[in-house]
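Visitor: predicted model follows, preceded by the sequence.
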Amino acid sequence: MQHIPLIIIGGGPIGLACAIEAKKAGIDYVIIEKSALVNSLYHYPVNMTFFSTSERLEIGGVPFVSNNPKPKRDEALEYYRRVVASFDLHIKLFEEVQQVTKVVNLFEVITSKDTYTADNIIIATGFYDIPYLLDVPGEDLPKVTHYYNDPHYYAFRDVIVVGAMNSGVDAALETWRKGARVTLVIRGAEIGTRVKYWVRPDIENRIKEGSIKAYFNSTIKQIRENEVDINTPEGLVTIKNDFVIAATGYQPNLQFLKQMGVRLSNDAVEAPVLDPDTHETSVKGIYLAGVICGGMNTHRLFIENSREHAVKIIDAIRKQM
Ligand SMILES: Cc1cc2nc3c(=O)[nH]c(=O)nc-3n(C[C@H](O)[C@H](O)[C@H](O)COP(=O)(O)OP(=O)(O)OC[C@H]3O[C@@H](n4cnc5c(N)ncnc54)[C@H](O)[C@@H]3O)c2cc1C
């Protein structure tokens with residue numbers, strides 16, 4: 001069984017930032033990533049533009065040069081690939097961490113491919129792996145997706161987009177612009193308040209002019225092969241449908257933390273209990289970094305404002321070595 005002083009779980013931007021700091025501090029580490037490098041970003045829509053400007057997505061002090069102030073997904077993939085190559089980071093891709101158990105003073109880490117021991121663990125697993133389900137009949141049909149990707153696929157088809165936060169609004173506008181007939185189904189009474197300020201007028205005007213149909217205060221009741229039932233304030237409406245894009249958000253895998261004994265707050269947020277200076281959890285030697293630190297509140301932390309976790313954590317690990 002291989003012993004690695006520090007195992008970082010998750011090869012997203014913040015897991016990479018932790019690895020860079022570990023390398024700078026001379027701490028032997030490995031990142032274990034269950035899929036491709038920066039897997040969450042890889043699964044973002046192909047045309048997606050970050051709301052952050054590129055310098056706010058930088059890690060390890062490496063400049064992020066992009067064509068426009070706010071970079072696109074493919075530019076971010078290029079950037080993080082270059083960072084990994086230039087620091088020669090140790091990363092095991094397509095290997096999922098399944099269990100972490102404390103055995104006396106060490107952690108036993110079981111993955112889909114191997115078993116390791118480690119002195120310290122950093123968990124940087126993000127929040128993009130578990131979508132919030134609609135929980136309605138027909139949600140498991142192949143025409144339903146929780147991960148919208150490319151608008152061309154939907155050209156000249158009847159598309160329902162569920163949700164009116166940034167992802168839903170982007171999907172509705174992009175697919176409509178490629179010729180889809182788009183209906184938005186929105187649980188609330190208006191377009192989400194956090195929708196990017198430069199996008200909001202676009203969606204509001206498309207709805208006002210009738211180019212995109214919107215049902216507010218409405219929910220999906222049932223999805224069938226060729227149609228969908230919608231609960232609206234005016235009663236049940238059935239519309240023709242080819243595809244459903246459920247842009248209903250994602251939640252972090254808190255069960256993974258609970259299995260390791262990490263204590264969470266008792267309220268609905270289930271925020272992991274952390275030392276604010278070191279990001280150490282209630283389990284000595286397990287640290288959290290990135291968006292996972294916010295528990296169910298996934299809007300509080302993002303790349304921009306969680307890059308700093310890496311420095312705090314590695315500083316703490318270095319001091320106790
Ligand atoms: C559409 C969209 C646009 C966004 N735009 C911005 C923006 O402009 N600016 C910004 O700052 N933030 C933005 N965010 C948020 C940002 O992408 C996330 O906050 C960021 O990815 C968090 O980084 P992370 O490293 O904590 O988690 P992630 O990037 O999610 O990385 C976690 C990694 O852990 C891996 N993993 C999970 N479980 C395991 C396991 N058991 N074993 C091994 N590996 C595992 C995952 O595959 C993933 O690669 C956006 C998010 C979305 C959805």
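Guide: Good, I have the coordinates.
Visitor: give me every residue in the stretch 101-250 of the chain lying close to the ligand.
Guide: Counting by Cβ under 6 Å from any ligand atom, the residues of the stretch 101-250 of the chain lying close to the ligand are A124, T125, G126, Y128, D129, S167. Yep, even glycine has a C-beta here, placed from its N, CA and C like the rest.
Visitor: distance of P252 relative to E270?
Guide: Relative to E270, P252 is positioned 9 Å away (Cβ to Cβ, to the nearest Å).
Visitor: spit out the residues that contact those two alike.
Guide: Common contact partners of P252 and E270 (Cβ atoms under 8 Å, 6 or more residues apart in numbering): G295, M296.
Visitor: which one of these two has more residues nearby?
Guide: Taking neighbours as other Cβ atoms under 10 Å, P252 and E270 compare with P252 leading, 24 against 17.
Visitor: need the contact list for the more buried one.
Guide: The contact partners of P252, taken as Cβ under 8 Å, 6+ apart, are T125, G126, F127, D129, I130, V291, I292, G295, M296, T298.
Visitor: measure the nearest residue to the first one once chain neighbours are set aside to F107 for me?
Guide: This means T125. Spatially, and ignoring its direct neighbours in sequence, T125 is nearest to G10 (4.4 Å; Cβ to Cβ, 6 or more residues apart in numbering). Remark: distance between G10 and F107 (Cβ to Cβ) = 15 Å.
Visitor: mind checking which of these two has more residues around it?
Guide: G10 (26 against 20).
Visitor: give me the neighbour count for the residue of the stretch 151-300 of the chain found nearest the ligand.
Guide: Residue of the stretch 151-300 of the chain nearest the ligand, by Cβ to the nearest ligand atom: G290 (2.3 Å). Residues within reach of G290, counting by other Cβ under 10 Å, total 28.
Visitor: again with G11
Guide: For G11, the count of nearby residues is 27 (other Cβ under 10 Å).
Visitor: nearest to D140 among the residues of the stretch 101-250 of the chain next to the ligand?
Guide: Using Cβ to Cβ, D129 comes nearest to D140 of those, at 17.8 Å.
Visitor: show the contacting residues for the closest one.
Guide: Counting by Cβ under 8 Å, 6+ apart, D129 touches Y250, P252, N253.
Visitor: and if we set it to 10 Å?
Guide: By Cβ atoms under 10 Å, 6 or more residues apart in numbering, the contact set of D129 is G10, K34, S35, N39, S40, H43, Y250, Q251, P252, N253, F256.
Visitor: name the nearest residue to Y42, sequence neighbours excluded.
Guide: Distances taken as Cβ to Cβ, 6+ apart put A36 closest to Y42, at 5.1 Å, once the chain neighbours are dropped.
Visitor: give me the pLDDT for the one you found.
Guide: Predicted confidence (pLDDT) at A36: the value is 98.
Visitor: the one 3 residues further on too?
Guide: With respect to pLDDT, N39 scores 98.
Visitor: what about it, how many neighbours?
Guide: A total of 18 residues lie near N39 under the criterion other Cβ under 10 Å.
Visitor: quick one, phi/psi of the residue most central in space within the chain?
Guide: Nearest residue to the geometric centre of the chain (Cα atoms, centre = their mean): Y128, 3.0 Å. Torsion angles at Y128 (phi, psi; degrees, to the nearest 10) stand at phi -100, psi 10.
Visitor: ok, and the closest non-adjacent residue to it?
Guide: Leaving aside its sequence neighbours, Y128 sits nearest to S40 (Cβ to Cβ, 6+ apart; 3.9 Å).
Visitor: in a helix, that neighbour, correct?
Guide: Yes. The assignment for S40 (DSSP: H, G, I helix; E, B strand; the rest coil) places it in a helix.
Visitor: pretty sure L16 is in a helix, no?
Guide: Yes. Checked against three-state DSSP, L16 lies within a helix.
Visitor: show me the contacts for it.
Guide: By Cβ under 10 Å, 6+ apart, the residues touching L16 are 8, 10, 31, 33, 37-38, 59-60, 80, 83-84, 87, 89, 91, 124, 307, 310.
Visitor: please pick the buried ones from these.
Guide: 8, 10, 31, 33, 37-38, 59-60, 80, 83-84, 87, 89, 91, 124, 307, 310 (16 or more other Cβ atoms under 10 Å).
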